[in-house]
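> How does the following fold in three dimensions:
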Amino acid sequence: MMKLLIASSIVLGSMFSTAVYSALDRVIDFALLDEVGVFHQLSRYEHKEAVALMSFDQACESMPMMLAEYSSLVKEFSNLDIEFLLIDSADLGREALISLGLNIPILEDDGQLVSESLGIENAGEVFILNPDRLSLYFRGPVSLELKDSLSSLKTLQDTLELESGDCSIEYPVKMAHELKAPDYASEIAPIIIENCVACHSQDGVGPFAFDSYIMVLGWSPMIREVLLNKRMPPMQVDPYVGYSHNARYLDTNQLQALIHWIDAGAPQGTSAVDPLESFSPEGENHWALGEPDYIVFTKSHDVPPTGVLDYIYDEVDLPFEEDKWLRAVEFKAGNSAVLHHLMTFVTEPSEDFWGKERSQTSATRRFVESYSPGKSNVKIFNKGTGVFIPKGNGLSMQFHYVTNGQRTTDISRLGLYFSEEKDLRERLVQAVSTRFVLPPNEPNFELRTDFVFESQVVLTGVRARMNYRGKRMKFSIEEPSGVVKDIFSIPAYNYGWQPHYVLDEPITLESGTKVHVTGALDNSISNPTNPDPEKEVTFGLNSWDEMFTGYFTFYKTR
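Coordinates of the predicted model:
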């Protein structure tokens, strides 16, 4: 009976639809998380022939039937290289979406920005998208025409559009902003100052400076693009799993204000003062915690004007005649326009930067901290804890530079602040990795590894480490009782951004707790950073190799 109803609905949809043909329309590249936190980006489905996307709205009375029709198509075309998805065009939110128990991934369209940018008008509307060309094959209801389009994707040269449905999707925030666009001086500029100018400033690592309304206006199309495909902000973490203040979140209201302001033509407004022109960041020569007890000056590194640079490693001897404990550190880039990150470990004389990670899949190490562009690079360790530097040990540093069209030199500094407290607990990091052979043309090579803490510890942060083919990484804990909890997730790993995520709320792990690192590598054409999808890749510590390592920062409670 259900098959008969579906067939009847498809025929009726075909009979009463008005077809409009045109050359293949362009669509935006967009990225969203689904209801379980998996990252989906249209352009990263280049290894697929097409992406099918149906608008979902639970409030629509005919939604169950439309969903059944769509599910039937998913089964019918399961042998083809097509990715079938839903999109939460009504912005129900993750909790509601999980409770629905749908068997097709549904994208969380927070703020409805992707739905409105695609021009979705009705629930049940289906889009057949070309992820390679960012174009539209089909738009309309589940119908015979949709089935024909799915069957003949390779020959389609025009976009087919059909009228569909009567369950209209409302966009209340968009409508409100169309009546009154967000104000540049009081709403837009503060978002830019808070989230962007630390990198996008004169001598900053960003490729252009947001130092005036004119600059933001000129780059507004690019701003819109990178917000919708989530290239920016650059650290794409799952906001529903753990929280770290240095993850650079943009909330839904901020995203809506920026996108709708740009869509309105980026009006300057009537303010006589441009907040970006009058904004003045803190001076680079100021030490936030006062003069350090000891300053490490790195070696001088020459950075060419162009090219992709491999990592640079430096070993730093320390002159201390006794053991030292660090209570805080502060990094100061010599040239913030080119220094992209700087990692620092305490190492024994016989060790290099990688230490025991060269030969062990689990290694406990003394991690000082890391520098990344943008906000304050002051790191104050938890009270009663510190980084221990035994007498005779030094520092091992890894530098990552980016080119900006000018030949330059960098000499960075690391300020060390010593602690005089007694009985400090040592701040350590547990590196947990695995070995593998990554086959060519593999878009989703899943990996997992784990480690058991044999004593009670307090977990304070995590960091993901993969190379060009990194795709995603999630950190979880398994309590001795067997209960598993996700604590932090990086669903869209970016090789260029590998920060240490300090957890806002440290987690106490009982003795016997197992920590899990799960994720995937992408060695396919869909990975924009992949040097060669035809190449088999093995584990290695060089950037042209691949690795899968999760770092857990912790200290023992006793």
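> gap between residue 397 and residue 224?
38 Å (C-beta to C-beta, to the nearest Å). C-beta here means a position set from N, CA and C on the backbone, and glycine is covered the same way.
> For stretch 26-37, measure first residue to last.
27 Å (C-alpha to C-alpha, to the nearest Å).
> and it, which residues are buried?
Across stretch 26-37, burial judged by 16 or more other C-beta atoms under 10 Å covers 27, 29-35, 37.
> same check, this time on stretch 322-335
For stretch 322-335, burial by neighbour count (16+ other C-beta under 10 Å) applies to 324-335.
> So of those, which two are at opposite extremes in space?
325 and 335 (30.7 Å; C-beta to C-beta).
> re the thing from before, which residue of residue 397 and residue 224 possesses the greater neighbour count?
residue 397 (24 against 19; other C-beta atoms under 10 Å).
> Just say helix, strand or coil for residue 44.
The local conformation at residue 44, judged by DSSP: H, G, I helix; E, B strand; the rest coil, is helix.
> and the gap between the closest residue to residue 317 other than its chain neighbours and residue 460?
Using C-beta to C-beta, 6 or more residues apart in numbering and skipping the chain neighbours, the partner closest in space to residue 317 is residue 394 (5.0 Å). As for residue 394, its distance to residue 460 is 24 Å (criterion: C-beta to C-beta).
> what does residue 302 give?
Remark: distance between residue 302 and residue 460 (C-beta to C-beta) = 36 Å.
> is it true that residue 302 touches residue 407?
Yes. Under the criterion of C-beta atoms under 8 Å, residue 302 makes contact with residue 407 at 7.5 Å.
> Packing partners of the helix or strand encompassing residue 486?
According to DSSP states H and E, residue 486 maps onto strand 484-490. In this structure, strand 484-490 packs against strand 457-465, strand 470-478, strand 501-509, with contacts taken as 3 or more C-beta pairs under 8 Å, 6 or more residues apart in numbering; DSSP states H and E.
> at 6 Å instead, please
Under the contact criterion of 3 or more C-beta pairs under 6 Å, 6 or more residues apart in numbering; DSSP states H and E, strand 484-490 touches strand 470-478.
> Note down every partner strand of the strand it packs on and its orientation.
As defined by DSSP bridges, the strand partners of strand 470-478 come to strand 484-490 (antiparallel), strand 514-523 (antiparallel).
> okay, the angle between the shortest one and strand 501-509?
Right, the one you point to is strand 484-490. 170 degrees (axes from the mean of the first three to the mean of the last three C-alpha atoms, to 10 degrees).
> residues in contact with the spatially most central residue of the chain?
Taking C-alpha atoms, centre = their mean as the criterion, residue 236 is the residue nearest the geometric centre of the chain, at 1.9 Å. Under the criterion of C-beta atoms under 6 Å, 6 or more residues apart in numbering, the contact list for residue 236 reads 230, 492.
> Okay, now the unreliable bits of the protein?
1-22, 282-285, 375 (pLDDT under 70).
> and it, what are its domains?
For the chain, the structural domains run 2-170, 180-278, 284-423, 426-558, going by automatic domain parsing.
> burial of residue 350, as a residue count?
6.
> cool, and the one 10 residues further on?
For residue 360, the tally of surrounding residues (other C-beta under 10 Å) stands at 11.
> so where does it fall, helix or strand?
Here residue 360 is assigned to no helix or strand, by DSSP H and E.
> and it, how far is that from residue 433?
Distance, residue 360 to residue 433, using C-beta to C-beta: 8 Å.
> Let me know the secondary structure of residue 70.
Assigned with three-state DSSP, residue 70 falls in the helix class.
> Next: residue 51.
Local secondary structure at residue 51 is given as strand here, using three-state DSSP.
> was I right about residue 400 contacting residue 339?
No. Using C-beta atoms under 6 Å, residue 400 makes no contact with residue 339, being 7.8 Å away.
> ok, these two, which is more surrounded?
residue 339 (24 against 20).
> Just give the nearest non-adjacent residue to the more buried one, would you?
Leaving aside its sequence neighbours, residue 339 sits nearest to residue 333 (C-beta to C-beta, 6+ apart; 4.3 Å).
> Who is the residue nearest to residue 317 paired with across the strands?
Listed by DSSP bridges, the beta-bridge partners for residue 394 are residue 347.
> so who does it touch?
With contact set as C-beta under 6 Å, 6+ apart, residue 394 has these partners: 316-318.
> swap the cut-off to 8 Å and go again
Residue 394 is in contact with 315-318, 346-347, 349, counting by C-beta atoms under 8 Å, 6 or more residues apart in numbering.
> roughly how far apart are it and residue 328?
Distance of residue 394 to residue 328, computed by C-beta to C-beta: 19 Å.
> just residue 250 next, same as before
In this view, residue 250 and residue 328 are 28 Å apart by C-beta to C-beta.
> Verify the contact between residue 444 and residue 526 for me.
No. Taking contacts as C-beta under 8 Å, residue 444 lies outside contact range of residue 526: 9.7 Å.
> hmm, back to that, just checking, which of the buried residues of stretch 26-37 belong to helices?
Counting by DSSP state H, no part of those is found in helices.
> Can you tell me, leaving aside adjacent residues, what's nearest to residue 327?
Once flanking residues are discounted, residue 327 sits nearest to residue 419: 3.7 Å by C-beta to C-beta, 6+ apart.
> Check residue 341 too.
residue 400 is the one closest to residue 341 (C-beta to C-beta, 6+ apart), at 4.7 Å.
> next one: phi and psi at the one you found?
phi -120, psi 120 (degrees, to the nearest 10).
> Can you report how many residues lie near the spatially closest residue to residue 478 that is not a sequence neighbour?
Nearest non-adjacent residue to residue 478, counting by C-beta to C-beta, 6+ apart: residue 514, 4.2 Å away. Close neighbours of residue 514, defined as other C-beta under 10 Å, add up to 16.
> Pairing partners for residue 514 in the sheet, please.
Here residue 514 shows beta-bridge partners residue 452, residue 478, assigned using DSSP bridges.
> can you offset everything so residue one is 838?
Okay, residue one is now 838; in that scheme the one you just asked about reads as residue 1351.
> Let me know whether it touches residue 1312 as I believe.
No. Using C-beta under 8 Å, residue 1351 is not in contact with residue 1312, being 11.9 Å away.
> Contacts only, for the closest residue in space to residue 959 that isn't next to it in sequence.
Nearest non-adjacent residue to residue 959, counting by C-beta to C-beta, 6+ apart: residue 1002, 3.7 Å away. Going by C-beta under 8 Å, 6+ apart, residue 1002 touches 897, 899, 903, 959-962, 978.
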